[in-house]
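Chemist: attaching a predicted model along with its sequence, questions to come.
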Amino acid sequence: MKILVIGTGGREHAIIRRLAADRPAPELHAAPGNPGIAELATCHDAGVGDLDAQVALARELLPDLVVIGPEAPLVAGSADRLRGAGFTVFGPSAAAATLEGSKSWAKEIMAAAGVPTAASVTVTALDQLAAGLDRVNPLGDVPFVVKADGLAAGKGVVVTPDRDAATVHAEAVLTAGGSVVLEEYLDGPEVSLFCVSDGSRVVPLAPAQDFKRALDHDEGPNTGGMGAYSPLPWAPEGLVDEVVRTVAQPTIDELAARGIPFVGVLYCGLALTSRGMRVVEFNARFGDPETQVVLERLASPLGPLLLEAAHGNLSAADEPTWHEGSAVTVVIASAGYPAAARTGDEITGVDAAQQLGAQVIHAGTARDADGTLISAGGRVLTVVGTGGDLETARALALAGAEAIHLEGSSHRTDIARKAAEHSTQAAAASDNTSSDDTSDDGSPA
Ligand code: AMP
Ligand code: GLY
C-alpha cells in the first residue's frame, strides 16, 4: 500500500512511525514532512497550505491513501480537492472540518445532536460583550472562558478569573473582525478521545490526557499541548463507551443527516465535571501531542484502519488492539513559545535521548544548509517514553528530554505525575485487602 501523509509536525511523524511498523510495510511519502519523517518516508516539497501542489503530487505518486494531518488544510478544503481528483482520503471535507474551524458552528451541531457541552454565548460585536460575560458567568465567581471562534493553533482560548483580562482578549478578537464564544467554566479533569469515523460508524482509539498550559502546575498561557499520556488509570469504567454513545455517534449522525459525512478523526476534547461529562471542544483530526502516545500504544496496524474509514467501510476493519504498557510524551518548546517562538537554534542530544530508549519525535525542526538539525517552530520535539507503568514511561520521557540541548528551550516536568502517583496508590490499595478505593477522588488533572 502506498500512503501519502500531509503535514509537517509531531503528529505526522507519529502517524508515519506507526504506519512504518505495519506489516506488510507500506510505501510512505510525506508532504512536506520534517527531518524525523525523512528517516521513514520520502519527503516532497508540497507545502501544507499549497492545495494545488498536494493534488499535483498525488497525481504523480498515485497513492492508495492520502492522510491529512493538520486542521488548516482540512478547513481549506484539501480533502475535497484530493477526493475530487479521484483519491482515497482520510480526513474530513472542509464542510465537516467546520466542527473545528468554527466553535460556534460546533456548538450548534452539539445542541442539535443533544451532546453535553458548556453553555455558551456567541458574541459578534463589542457592545454585546459585557452582557455575554454576565450571562455565562453571572456571579463572576468562577473563571471566564473566552474563545476566538476560528482556528488559532490552540492559542485562541483564554481561561481567567480576571474579568478585565477576559474582556481584553475578547475585544482583541472582535476588533480584528472575528467573533468570540463565551463559555460556562467546566471544572474537572480533561480527556482527549480520538474517534475514527467513516461518515456513519465510529471506532474509538485509547483515551489520553493532554497538558495545555505552558508551565508546570498548569500555570502560564494555553498552548497547542505540552505533553500527554495514555492510558488513564483513573478514568471511570465505561468512559469510552459513554463518549461514543453520547458524543461521537450523535455528532457523526447529525452531520450525516445534514449531508456532511465526517470521514477522519473526530477528536473529542472532554471535561469530566462534577455534573457529568461535557465536550470542551471538537477537533477534526488527530491531536498533537496525544497522537504520539496513543499510536505508540496501538498494537494493531494503522494503515488498514484509516483506509477502511476512507472507503466508508469501517465495519470491514479489525477492532484496534492495544499494548498493555504506558506511554508519556514531553514537548520541548523553543524560547518564547507560545507568544513568540525563537527558531534557528542548533539541537543536540537526540542520539543520546534515543540511546536511553526514548523516542524522539520531530515537531518543529529543520536542517540548515550544512545539515545541522535546528529548531523551526514553537514545539520543537516531543520525547516519548514507554514502560510497564506510567512512572517508568514518565521517567524515560523526562530523561530523554533532559538529554536534549536547545538554547533557551523548556519542557514541563509534571506531565503524568499525578496519574502515575494515582496508579501507584491504587496498586498499593489493591494489595491491601482492608482498603476502600471509593475514598479515592481519581482526578489527576
Ligand atoms: P479549546 O481550544 O476549546 O480546547 O480550549 C483550550 C483549553 O482551554 C482546553 O483544553 C481547556 O483546558 C481550556 N478550556 C476550554 N474551554 C473551557 C471551559 N469551558 N472551561 C474550562 N476550561 C476550558
Ligand atoms: N493537543 C491539542 C490539540 O491537538 O488540539
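Modeler: Cool, the structure landed. Ligands and ions are numbered 1, 2, ... in the order given.
Chemist: quick one, what contacts the residue most central in space within the chain?
Modeler: Note on the chain: the residue nearest the mean C-alpha position is G287, at 1.5 Å, using C-alpha atoms, centre = their mean. Remark: with contacts taken as C-beta atoms under 8 Å, 6 or more residues apart in numbering, G287 is in contact with R11, S192, F194, A208, D210, G225, A228, Y267, G269. (Each C-beta comes from the backbone N, C-alpha and C, glycine too.)
Chemist: any idea of the pLDDT on it?
Modeler: Among the per-residue scores, G287 shows a pLDDT of 97.
Chemist: so how far is E100 from it?
Modeler: Relative to E100, G287 is positioned 11 Å away (criterion: C-beta to C-beta, to the nearest Å).
Chemist: wouldn't T413 be in contact with A399 here?
Modeler: No - in this structure, T413 sits apart from A399 without contact. The criterion is C-beta atoms under 8 Å, and the distance is 11.3 Å.
Chemist: between those two, which is the more surrounded one?
Modeler: Regarding T413 and A399, a neighbour count based on other C-beta atoms under 10 Å identifies A399 as having more, with 17 against 14.
Chemist: how about that one, nearest residue that isn't a chain neighbour?
Modeler: By the measure of C-beta to C-beta, 6 or more residues apart in numbering, the closest residue to A399 outside its immediate chain neighbours is L356, 5.3 Å from it.
Chemist: so who does that neighbour touch?
Modeler: By C-beta under 8 Å, 6+ apart, the contact set of L356 is L396, A399, G400, A403.
Chemist: can you confirm the second one is in a helix?
Modeler: Yes - secondary structure assignment places A399 in a helix (DSSP: H, G, I helix; E, B strand; the rest coil).
Chemist: next up, the contacts around it.
Modeler: A399 makes contacts with A353, L356, A358, G385, as judged by C-beta under 8 Å, 6+ apart.
Chemist: just the ones in strands from those residues, please.
Modeler: Judged by DSSP state E, those include G385 as members of strands.
Chemist: among the contacts of A399, which pair sits farthest apart?
Modeler: The span of the contacts of A399, defined through C-beta to C-beta, is set by A353 and G385 at 9.7 Å.
Chemist: looking at the two, which has the bigger crowd around it?
Modeler: Under the criterion of other C-beta under 10 Å, the comparison of A353 against G385 puts G385 first, with 30 against 24.
Chemist: got the residues of the stretch 151-300 of the chain near ligand 2?
Modeler: Residues of the stretch 151-300 of the chain that fall close to ligand 2, judged by C-beta under 6 Å from any ligand atom: G154, D210, G224, G225, N283, G287, D288, E290.
Chemist: how about a cut-off of 8 Å?
Modeler: On the criterion C-beta under 8 Å from any ligand atom, ligand 2 has as its neighbours in the stretch 151-300 of the chain the residues 154, 192, 210, 212, 224-225, 228, 267, 269, 281, 283, 285-291.
Chemist: so R213 touches G225, yeah?
Modeler: No - using C-beta under 8 Å, R213 and G225 do not qualify as a contacting pair, with a distance of 9.8 Å.
Chemist: tell me which of the two has more neighbours.
Modeler: Comparing R213 with G225 by other C-beta under 10 Å, the one with more neighbours is G225, at 23 against 16.
Chemist: need the three-state assignment for the more buried one.
Modeler: Of the three states, G225 takes coil under three-state DSSP.
Chemist: got the contact list for the nearest residue to it once chain neighbours are set aside?
Modeler: Across the structure, with C-beta to C-beta, 6+ apart as the measure, the residue nearest G225 apart from its sequence neighbours is D210 (4.6 Å). The neighbours of D210, taking C-beta under 8 Å, 6+ apart as the test, are E190, S192, G225, G227, A228, G287, P289, E290.
Chemist: how far away is L398 from A214?
Modeler: Here the criterion is C-beta to C-beta. By it, L398 lies 17 Å from A214.
Chemist: of those two, give the one with the bigger neighbour count.
Modeler: Using other C-beta under 10 Å as the criterion, L398 and A214 rank with L398 on top: 23 against 19.
Chemist: let me see the contact set for the more buried one.
Modeler: V330, G385, T413, I415.
Chemist: make TSV out of these and add pLDDT.
Modeler: TSV is the format used below for those (pLDDT from 0 to 100):
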residue	pLDDT
V330	98
G385	98
T413	98
I415	98
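Chemist: in the stretch 101-250 of the chain, which residue sits closest to ligand 2?
Modeler: Ranked by C-beta to the nearest ligand atom, the top residue of the stretch 101-250 of the chain for proximity to ligand 2 is G225, at 3.2 Å.
Chemist: near ligand 1, which residues of the chain are found?
Modeler: Applying C-beta under 8 Å from any ligand atom, we find that the chain lies next to ligand 1 at 103, 118, 120, 143, 145, 147, 152, 154, 156-157, 159, 183-187, 190, 210, 212-213, 222, 269, 271, 278, 280-281, 283.
Chemist: select only the buried ones of those in ChimeraX?
Modeler: For the buried members of the residues of the chain next to ligand 1, the matching ChimeraX selection, counting by 16 or more other C-beta atoms under 10 Å, is:
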select :103,118,120,143,145,147,154,156,157,159,183,184,185,186,190,210,212,213,222,269,271,278,280,281,283
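Chemist: need the next SSE after the longest strand belonging to the chain, C-terminal direction.
Modeler: Ranked by residue count under DSSP E, the longest strand found in the chain is strand 263-273. Scanning forward in sequence from strand 263-273, with DSSP states H and E defining helices and strands, the next element found is strand 276-283.
Chemist: tilt between the helix or strand that comes right after that following strand and strand 263-273?
Modeler: Of the helices and strands lying after strand 276-283 in sequence (DSSP H and E), the nearest is helix 290-297. When axes from the mean of the first three to the mean of the last three C-alpha atoms, to 10 degrees is applied, the directions of helix 290-297 and strand 263-273 differ by 100 degrees.
Chemist: next SSE after helix 290-297?
Modeler: The helix or strand immediately downstream of helix 290-297 is helix 303-310, counting by DSSP H and E.
Chemist: now for that next one, which elements pack on it?
Modeler: Helices and strands touching helix 303-310, by 3 or more C-beta pairs under 8 Å, 6 or more residues apart in numbering; DSSP states H and E, are strand 65-68, strand 89-90, strand 190-198, strand 263-273.
Chemist: got CSV for the ones you listed, with mean pLDDT too?
Modeler: What follows is the helices and strands packed on helix 303-310, written out as CSV (pLDDT from 0 to 100):
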stretch, mean pLDDT
strand 65-68, 98
strand 89-90, 98
strand 190-198, 97
strand 263-273, 97
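Chemist: figure out which of these is closest to A38.
Modeler: Set against A38 and scored by C-beta to C-beta, the helices and strands packed on helix 303-310 come closest in strand 65-68, at 17.0 Å.
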